[in-house]
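[1] Give me coordinates for this.
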Amino acid sequence: MHTVHKYPPSRFEYVPITDTQIEQAISWLGLYKAPGADGISNVVLIKCADLIVPHLGPNYHVMFKLETYPENWKSSVTIMLRKLAKPDYMLPSTHQPIALISTFTKVLSSCVTADLVHMTKVHRLLPDNYFGCRPGRTTTDLLHYITKFIKDAWGRCEVVSMLFLDVKAAFPSIILDQLIHDMRKRGVPPQ
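    Alright, predicted model coming up:
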């Protein structure tokens, strides 16, 4: 049985991606990164941005308007690469995962992510003490925060106890329907 939810009104209005956002996303790409299944190298987009951007914007707009997403953009390949100059390649920490996705998907994802991060901050959709996946709230920032908290407590001769849970290992994949539901509950527009 499917439950129908009544979501609160959107906290902000969906605004179509602009050519400026697309140009910015392309400028963030690394020149010679490995291409995804489409075989289009980042350097092609970077060097031909003035020719490609006017065509990407309308394509992205139609995708949102028709609520469609190309099937071949949904797939990615994750490969494990060896880190250079490691003494023992039998250890798991000597490898790193690399996700290969369509070049046009990278650009669209970058635009949407930048917009969501901005709107999340402007409309305070996440608590101030929420860490993860946003500028100034990375894992490194969290570690600095925890270290300061501990040292301050020790300076007051207090005892510090902590419980660390590996939630990512317990829930290794995302449930897309739940993510969309949670975002809508926070006021993110359906687009």
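[2] how many neighbours does the residue lying closest to residue 187 once chain neighbours are set aside have?
    In this structure, residue 187 finds its nearest non-sequential neighbour in residue 11, 3.1 Å apart by CB to CB, 6 or more residues apart in numbering. Heads up, the C-betas are built off the backbone N, CA and C, glycines and all. By other CB atoms under 10 Å, the residues close to residue 11 number 15.
[3] got any ranges where the chain has weak pLDDT?
    1-3, 132-134, 165-173 (pLDDT under 70).
[4] Which stretches in it count as helices?
    Under the criterion DSSP state H, the chain contains helices at 19-27, 42-47, 49-66, 71-74, 103-122, 139-155, 167-170, 176-185.
[5] Turn those helices into JSON lines, including distance to residue 90 and mean neighbour count.
    Output for the helices of the chain, formatted as JSON lines (distance: least, CB to CB, whole Å; neighbours: other CB atoms under 10 Å):
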{"stretch": "helix 19-27", "distance to residue 90": "39", "mean neighbour count": "17"}
{"stretch": "helix 42-47", "distance to residue 90": "32", "mean neighbour count": "16"}
{"stretch": "helix 49-66", "distance to residue 90": "43", "mean neighbour count": "14"}
{"stretch": "helix 71-74", "distance to residue 90": "34", "mean neighbour count": "12"}
{"stretch": "helix 103-122", "distance to residue 90": "32", "mean neighbour count": "18"}
{"stretch": "helix 139-155", "distance to residue 90": "27", "mean neighbour count": "11"}
{"stretch": "helix 167-170", "distance to residue 90": "22", "mean neighbour count": "8"}
{"stretch": "helix 176-185", "distance to residue 90": "36", "mean neighbour count": "11"}
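[6] how about those, which one is nearest residue 82?
    The stretch from the helices of the chain with the least distance to residue 82 (CB to CB) is helix 42-47; that distance is 22.0 Å.
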